[in-house]
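here's my sequence, what's the structure:
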Amino acid sequence: MIAPARQVKTRAMDQPPNPDFLDDITGALDWWRTAGVDCDFLDEPVEWLAAPEGEEPAPVERRRPPPRPDPEAPSPVARLDPGSLPQSLEAFASWWMTEPLLCEGGPAARVPPQGRPGADLMVVVEEPEAQDIDTLLSGSHGKLLDAILSAFGTDRHGVYLASALPRHTPGADWEAMNERGLGQVLAHHIGLVAPKRLFVLGGNVLPLIGHESPHRPAMLRTFNHVDRQIPLLASWALPALLTQPRAKPVLWRAWLEWTAG
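Sure, this is the predicted structure:
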């Protein structure tokens, strides 16, 4: 009787005690809380209430929170309303000098276009010169233009002269201005003038009216506006022509081809 009792007691003492995992679990939870994880998330929604017997559980609609506004996101671009553009050339000239969306900084230093509607030739340059006040292209760029027009057999009095920008704007963001509606303004301006031919000087002007920038000193294109097609001669900007004398013969040959017949 004694021997079996000792054998049972010895086996009970040899068995290891049940481990206590409370400290380990608490430590693991504390570690995750310190790391910032205090909730349990699932990728898929869970139906907490079981559907009645014989009914299929209704699909759970995943609701996403509305996107938060980004404080660093750029504000929407203010666009010129095409419907508000003046419908006469006289009204357009006044609007050109005052419309705030055309350029920043108020009406100071804006230069008006000059010429008469229905001119044989409309000349469009990128922007006024820095010293321009009342007359467009009153400096060295204007002297070069006068020489070109003289070679063409005309002068400023026989053409309509305009700029794509109303004031001298160093480092102008042409892409942003086009998004603002500058291309529509220029096309509307050309439509009001209704010239017989269009001479564009400057690679930043052509993309505004649907053409690629000129890679050569001169190239021939067509400007389409509503139901009209106007022959177009495109060349580099006047500052580039000033520094590239070899471009002038190319422009002259393009002019002869353009006006032949």
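
distance of residue 96 from residue 253?
34 Å (CB to CB, to the nearest Å). C-beta coordinates here come from the backbone N, C-alpha and C atoms, glycine included.

of these two, who's got more company?
residue 96 (20 against 12; other CB atoms under 10 Å).

wait, that one sits on residue 102?
Yes - counting by CB atoms under 8 Å, residue 102 is a contact partner of residue 96 at 7.0 Å.

intersection of neighbour lists for those two?
Counting by CB atoms under 8 Å, 6 or more residues apart in numbering, the residues touching both residue 96 and residue 102 are residue 166.

would you map the strands across the stretch 101-250 of the chain?
For the stretch 101-250 of the chain, the strands defined by DSSP state E, counting those that start in this stretch cover 121-125, 159-163, 197-201, 218-225, 228-235.

how far does stretch 239-256 stretch from one end to the other?
Using CA to CA, to the nearest Å, the end-to-end distance of stretch 239-256 comes out at 23 Å.

so what touches that stretch?
140-141, 144, 148, 151-152, 201, 216-220, 233, 235-236.

residue 80: which of those residues is nearest?
Within these, the smallest distance to residue 80 is 23.4 Å, found for residue 201 (CB to CB).

separation between the nearest residue to the closest one once chain neighbours are set aside and residue 217?
Once flanking residues are discounted, residue 201 sits nearest to residue 125: 4.9 Å by CB to CB, 6 or more residues apart in numbering. According to CB to CB, residue 125 stands 15 Å off from residue 217.

and the residue nearest to residue 201, what does it touch?
Residue 125 touches 136-137, 141, 145, 161-164, 201-202, 205, 237-238, counting by CB under 8 Å, 6+ apart.
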